[in-house]
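Q: I would like the atomic coordinates for the input below:
(2 chains)
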Amino acid sequence: MPKDQGLMSWKDVVLGMYIVEPGNSVKFKTGDWKSHRPVLDKEKCIKCAQCYILCPEPAYYEDSEGYFICNLEYCKGCGICAAICPKGAITMVLEEA
Amino acid sequence: MRPEWAKFKPVNIKELPKEDWIAPGHRGCQGCGTVLPIKLALKVLGPNTIAVSSTGCMEIITSPFPFTSWRIPWIHVAFENAATVASGIEAALKALKRKGKISKKENINVVVFAGDGATYDIGLQFLSGALERGHRLIYFCLDNEAYMNTGVQRSGGTPIFAHTTTSPAGKVIHGKVGWKKNLDGIVIAHSIPYFATANPIFFADFMNKVKKASLVDGPSFFHVYSTCPTGWGAKSEDTVKLCKLATETRIFPLFEVIDGRYYILNRKIDKPKPVEEYLKIQRRFRHLKPEEIELFQNRINEEYERIVKLCEVFAPPKGE
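A: Next comes the predicted model:
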């Protein structure tokens, strides 16, 4: 349960316990799971989109310049993007408190 | 080969839709290789899709109560009957089209995402029934080689010598006894229109196969290789390495079978890497002795050669 919502009362529950809002797990930020975060070196990036396609989260999105940027609110720090990057443009950096 | 594929065009990776039909914020482990095929498949199939899940990791992580990660209609009933539920949905869609409640031109995909436990063991007879009745559905078996959701128990899909909590590696017995079940053979024996094995690391190949399956008028089945860093005792970033090695060591060959008759090999591995390379990065295989690795290697080579031979003998007719 996200902190800003607090616990849900039974009066708020839809009849039949249905979840009526599709994809509402975006409210659950999984970013605080990670110990390492990906850092992109834009000079090495060739915009091949492999990190974007193979991110299991999916946390990557395309920005206006065509680079693929990781949304750190959802990134769990698995390191797949750094492992797949053909140019070594993504490095995993230790998350500091 | 099949008349439906006359207008088939390969997927253009650059022109894929920006939307993902599975939302971030799901509870999958770091480096989960099983969400990945779902994400890629839904990218190709688009929003006109109804998904059915059997019980398993993919059901648990995407739907902890007040949240859902699905942006498409999704249903989960019981462990075993995902294929049957999908058959019902497909039959209902047919009836609605006949009665004119929805347009006859509407192309709605019905997909099943089931784990290996739900396909190899618990849901096998339901799967067989659905394939035999010939419903138009796409069944994805996300094979992570054990019951990962309940804490790594052995399943019919667990390879030999793998350590799981119900087949622990001890002094006398080294992990699971017995080979992995040949599910591919069982499914192909139903003579379904389309069968394929897929590995998400070769994403273009995987997406093209999904597109082919969505055009087919009848059941199609995918055996998808999916890694599980938690259950296999591998590093999360090794998902990439494991996926690549699985195909390069011939453990998971990529092939398609059309109408249960024509075999196509997608990726021929002439110079395979030794199986040891694949085994040593997983903790579940750390107790293996050299002679056991050799036994494993021989079996893998035999299986691969069998498939290559099938692809040679039952090649599709030329000119089509």
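Q: where do the helices sit along the stretch 151-300 of chain B?
A: Along the stretch 151-300 of chain B, the segments classed as helices by DSSP state H, counting those that start in this stretch run B:183-188, B:203-215, B:229-232, B:238-248, B:275-279, B:290-313.
Q: reformat those helices as JSON lines; add mean neighbour count, distance to chain A and mean pLDDT.
A: Placement of C-beta: from N, CA and C, glycine included. JSON lines is the format used below for those (neighbours: other Cβ atoms under 10 Å in any protein chain shown; distance: least, Cβ to the nearest Cβ, whole Å; pLDDT from 0 to 100):
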{"stretch": "helix B:183-188", "mean neighbour count": "17", "distance to chain A": "24", "mean pLDDT": "94"}
{"stretch": "helix B:203-215", "mean neighbour count": "21", "distance to chain A": "5", "mean pLDDT": "93"}
{"stretch": "helix B:229-232", "mean neighbour count": "22", "distance to chain A": "8", "mean pLDDT": "92"}
{"stretch": "helix B:238-248", "mean neighbour count": "21", "distance to chain A": "4", "mean pLDDT": "92"}
{"stretch": "helix B:275-279", "mean neighbour count": "19", "distance to chain A": "16", "mean pLDDT": "93"}
{"stretch": "helix B:290-313", "mean neighbour count": "14", "distance to chain A": "24", "mean pLDDT": "94"}
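Q: can you add distance to B:Tyr262 and give those helices back as CSV?
A: Formatted as CSV, the helices of the stretch 151-300 of chain B follow (distance: least, Cβ to Cβ, whole Å):
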stretch, distance to B:Tyr262
helix B:183-188, 11
helix B:203-215, 13
helix B:229-232, 34
helix B:238-248, 21
helix B:275-279, 29
helix B:290-313, 9
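Q: low-confidence ranges in chain A?
A: Counting by pLDDT under 70, chain A contains low-confidence residues at A:1-7, A:97.
Q: gap between B:Gly33 and B:Glu292?
A: Relative to B:Glu292, B:Gly33 is positioned 25 Å away (Cβ to Cβ, to the nearest Å).
Q: try A:Asp12
A: Distance from A:Asp12 to B:Glu292, counting by Cβ to Cβ: 56 Å.
Q: cool, B:His26 as well?
A: 37 Å.
Q: now do the contacts for whatever residue of the stretch 201-320 of chain B ends up closest to chain A.
A: Of all residues in the stretch 201-320 of chain B, B:Glu237 sits closest to chain A, at 3.3 Å by Cβ to the nearest Cβ. The contact partners of B:Glu237, taken as Cβ atoms under 8 Å, 6 or more residues apart in numbering or on different chains, are A:78-80, A:82-83, A:92, B:31.
Q: count of residues packed around the closest residue to A:Leu94 other than its chain neighbours?
A: Distance criterion Cβ to Cβ, 6 or more residues apart in numbering or on different chains; nearest residue to A:Leu94, sequence neighbours excluded, is A:His36 at 5.8 Å. Under the neighbour criterion other Cβ atoms under 10 Å in any protein chain shown, A:His36 is assigned a count of 19.
Q: doesn't A:Thr91 make contact with A:His36?
A: No. At 9.2 Å, A:His36 does not count as touching A:Thr91 under the criterion of Cβ atoms under 8 Å.
Q: for residue 20, what are its contacts?
A: If you meant another chain, say so; for now it's chain A. For A:Val20, the contact set (Cβ under 8 Å, 6+ apart) comprises A:Val14.
Q: actually, chain B is the one I wanted.
A: If a contact means Cβ under 8 Å, 6+ apart, then B:Asp20 has A:58, B:39, B:42-43, B:71 as its contacts.
Q: could you check how many residues crowd around the nearest residue to B:Gly123 once chain neighbours are set aside?
A: Counting by Cβ to Cβ, 6+ apart, the nearest residue to B:Gly123 once its immediate chain neighbours are dropped is B:Glu80, at 4.5 Å. Here the count is done by other Cβ under 10 Å, and B:Glu80 has 19 residues near it.
Q: looks like B:Glu80 contacts B:Gly115 (just checking).
A: No. Judged on Cβ under 8 Å, B:Glu80 makes no contact with B:Gly115 at a distance of 11.7 Å.
Q: anything in contact with each of these two?
A: By Cβ under 8 Å, 6+ apart, the residues touching both B:Glu80 and B:Gly115 are B:Ser54.
Q: is the nearest residue to B:Trp74 once chain neighbours are set aside bridged to anything, and to what?
A: Spatial nearest neighbour of B:Trp74, excluding adjacent residues (Cβ to Cβ, 6+ apart): B:Ala51 at 4.7 Å. For B:Ala51, the beta-bridge partners are B:Trp74, B:Val111 (DSSP bridges).
Q: next up, the contacts around B:Ala51.
A: So, once contact is read as Cβ under 8 Å, 6+ apart, B:Ala51 ends up touching B:42, B:70, B:72-75, B:111-113.
Q: and the two most separated of these?
A: Pairwise distances across the contacts of B:Ala51 (Cβ to Cβ) peak at 15.2 Å, for the pair B:Leu42 and B:Ile75.
Q: near chain B, which residues of chain A?
A: Taking Cβ under 8 Å from any Cβ of the partner chain as the criterion, chain A approaches chain B at residues A:1, A:8, A:17, A:19, A:21-30, A:33-34, A:49, A:53-54, A:56-59, A:61-62, A:71, A:74, A:76-80, A:82-84, A:92.
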